[in-house]
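Asker: Generate coordinates for the sequence data below:
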Amino acid sequence: MSLTPLLEHTLELVADRIGDPGPRVFERLFLEAPDLLALFSNDASGSVRGEMFLRALECLQDAAGAGRFATGLVAAEHLSHQVYGVTTAQFERFFEIIVDLFRDTLGADWTPELEAIWQLALSRLRVGAAAR
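Answerer: Okay, the predicted model is just below:
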């Protein structure tokens, strides 16, 4: 059974409440890891951040569903981010920040079912998860 519809429902609720969550995700990321901000010095328009956020959402949705591409893409992106000095913990934390923001945004509407589904997606995207 695909859990993707429940993830999409979460995205709709979040968008209804705060609009595009992408900028808020990056605000949290840079608060936690200010050194990462320098990696986006050439991204004045925010297009790179927007693309990263959308790819992360696609990976989360795929990981909760069919699992056709997410683990391979995350593994490849993890390697490419290491070249820029991004640690494994920072790389994985990006996905966690997305879920944290969604949980905080939905507040009392964040159900145990949503928590379980998003945690499942996160667990499947952890670096090396496919090898376990």
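Asker: Going by C-alpha atoms from here, please, whenever you check contacts or count neighbours.
Answerer: Noted.
Asker: where does Tyr84 land in three-state SS?
Answerer: Under DSSP: H, G, I helix; E, B strand; the rest coil, the three-state class of Tyr84 is coil.
Asker: Next one, pLDDT for it please.
Answerer: On the pLDDT scale, Tyr84 is placed at 93.
Asker: give me phi/psi at it?
Answerer: phi -90, psi 0 (degrees, to the nearest 10).
Asker: Okay, the nearest residue to it once chain neighbours are set aside and Phe30: tell me how far apart.
Answerer: Nearest residue to Tyr84, sequence neighbours excluded (C-alpha to C-alpha, 6 or more residues apart in numbering): Leu39, at 7.6 Å. Leu39 sits 11 Å away from Phe30, going by C-alpha to C-alpha, to the nearest Å.
Asker: More neighbours: these two, which one.
Answerer: Using other C-alpha atoms under 10 Å, the more surrounded residue of Leu39 and Phe30 is Phe30, with 14 against 11.
Asker: In contact with that one, which residues?
Answerer: Leu36, Leu37 (C-alpha atoms under 8 Å, 6 or more residues apart in numbering).
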